[in-house]
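1. Coordinates for the following, if possible.
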Amino acid sequence: MNNKRIDVKNKLDNGQRFKISRFKEKIKKTHPHKHDEYYELIFLEEGEGFHTIETERYVVETPDFYFLKPGQLHFWQFTSIPKGYVLLFKENEFDAVKESILIELIRRLSEKTRIKLDGGEVFFSMLYELEQEYQKNTTYSREIYHGLVKVLVGRLLQLSETKPDTSLQYPGPIDRFQQLLAKECPRMRKVHQFADALNMTPQNLNAICRRQIDRSASELIHSQMMLEAKRYILHTDYSINEIADLLFFSDTSNFVKFFKKYEGVTPQQFRNKYFQ
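-> Model (predicted):
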């Protein structure tokens with residue numbers, strides 16, 4: 001049996017308790033890993049793909065925010081170049097007496113895993129200023145960037161509380177369609193299959209998609225299929241033939257035509273672009 005240990009990564013240098021940096025703007029094959037004794041706040045401005053945290057898989061929809069607690073397992077499967085910021089800090093970075101309010105705000109934020117950043121430009125402007133002050137590292141820099149962290153966390157909490165809590169509500173048709181897409185596509189790939197599963201007509205499903213997302217049901221299905229295809233191409237060693245089978249294409253040539261229609265290049269060319 002192959003017993004692979006889960007990697008534990010530490011992005012903080014010896015003695016560091018705080019760090020802000022740009023998200024690495026590249027696609028690479030990633031494996032599940034944990035972070036050692038620090039919190040990680042991830043702000044994504046651009047990018048698409050998947051982010052798995054423990055057993056939950058999220059479709060990346062930028063601008064996006066994720067809160068990772070120490071020891072949480074996660075990994076990425078990007079299908080386009082990501083851009084954003086990563087904020088790392090240990091619990092003892094903030095003074096328990098003088099910064100008790102900030103510590104309490106962080107505790108409240110830690111109850112969230114993901115927040116959709118509506119009006120993301122406010123956050124990324126603040127993160128740019130925070131990064132600049134952190135890099136200056138002059139007199140009062142630490143006090144200034146701690147203050148900016150407090151504002152940032154407060155803004156995130158404010159944003160999360162303005163969103164209606166739908167956790168106890170029965171999901172609407174578009175929510176159920178998107179859940180079904182993530183779960184059943186590409187095994188299911190026809191509008192009528194999803195409409196049948198949702199107990200509605202294809203015409204109704206299309207009308208709902210157009211009204212709420214301004215895209216047709218078939219466009220959303222094709223988008224999900226491309227996301228799944230890119231995931232296999234970039235994050236596995238499967239051959240293009242094998243991927244075509246995994247995605248339920250009748251043959252490889254049909255898969256290549258489908259992929260090229262939406263991406264402009266063949267699956268192999270897409271893979272070569274990132275792994276030469």
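2. What separation do you get for Gly119 and Ala182?
-> As judged by Cβ to Cβ, to the nearest Å, Gly119 and Ala182 stand 26 Å apart. Just so you know, the C-beta spots here come from the backbone N, C-alpha and C atoms, and that holds for glycine as well.
3. Who has more neighbours out of those two?
-> Neighbour totals were compared for Gly119 and Ala182, and Ala182 leads with 15 against 9 (other Cβ atoms under 10 Å).
4. Flag every buried residue along the helix or strand that contains the more buried one.
-> Secondary structure assignment for Ala182, by DSSP states H and E: helix 173-184. Residues of helix 173-184 classed as buried by neighbour count (16 or more other Cβ atoms under 10 Å): 173-174, 176-178, 180-181.
5. Now do whichever helix or strand comes after that helix: which elements does it pack against?
-> Note on helix 173-184: by DSSP H and E, the next helix or strand toward the C-terminus is helix 191-197. Judged by 3 or more Cβ pairs under 8 Å, 6 or more residues apart in numbering; DSSP states H and E, helix 191-197 is in contact with helix 173-184, helix 202-213, helix 217-235.
6. Can I get those in TSV including distance to Leu87 and mean pLDDT?
-> Listed next are the helices and strands packed on helix 191-197 as TSV, based on distance: least, Cβ to Cβ, whole Å; pLDDT from 0 to 100:
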stretch	distance to Leu87	mean pLDDT
helix 173-184	28	87
helix 202-213	31	92
helix 217-235	25	91
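7. Could you export those as CSV, including distance to Thr113?
-> Compiled in CSV, the helices and strands packed on helix 191-197 are given as follows (distance: least, Cβ to Cβ, whole Å):
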stretch, distance to Thr113
helix 173-184, 16
helix 202-213, 23
helix 217-235, 20
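8. Please identify the most buried of these.
-> Among the helices and strands packed on helix 191-197, ranked by average contacts under mean count of other Cβ atoms under 10 Å, first place goes to helix 217-235 (a mean of 20).
9. Next, Thr30: secondary structure please.
-> With DSSP: H, G, I helix; E, B strand; the rest coil as the basis, Thr30 sits in coil.
10. typo on my end, Ala244
-> Assigned with three-state DSSP, Ala244 falls in the helix class.
11. Arg231 touches Trp76, doesn't it?
-> No: the pair Arg231 / Trp76 is not scored as a contact, 10.6 Å apart, by Cβ atoms under 8 Å.
12. what does the domain assignment say about the protein?
-> With domains defined by automatic domain parsing, the chain comprises 7-162, 173-274.
13. Show the end-to-end separation of the shortest one, please.
-> Using Cα to Cα, to the nearest Å, the gap from the first to the last residue of domain 173-274 comes to 37 Å.
14. now the longest one
-> Counting by Cα to Cα, the length from the leading to the trailing residue of domain 7-162 is 37 Å.
15. chain center to that domain: distance?
-> With Cα atoms, centre = their mean, to the nearest Å as the basis, domain 7-162 stands 12 Å off its chain's centre.
16. Give the buried residues for stretch 106-126.
-> Those would be 106, 109, 113-115, 117, 120, 123-124, 126, for stretch 106-126 by 16+ other Cβ under 10 Å.
17. From those residues, which land in helices?
-> 106, 109, 120, 123-124, 126 (DSSP state H).
18. if I pick Arg210, what's in contact with it?
-> Shown in contact with Arg210 (Cβ atoms under 8 Å, 6 or more residues apart in numbering): Ser216.
19. same question but for Glu228, I mixed them up
-> With contact set as Cβ under 8 Å, 6+ apart, Glu228 has these partners: 185-186, 247.
20. Next one: it from Tyr238, what distance?
-> Where Tyr238 is concerned, Glu228 sits at a distance of 12 Å (Cβ to Cβ).
21. Can you tell me the SS state at Val265?
-> Using three-state DSSP, the structure places Val265 in coil.
22. from memory it sits against Tyr274, does it?
-> No: counting by Cβ under 8 Å, Val265 sits too far from Tyr274 to count as a contact (11.6 Å).
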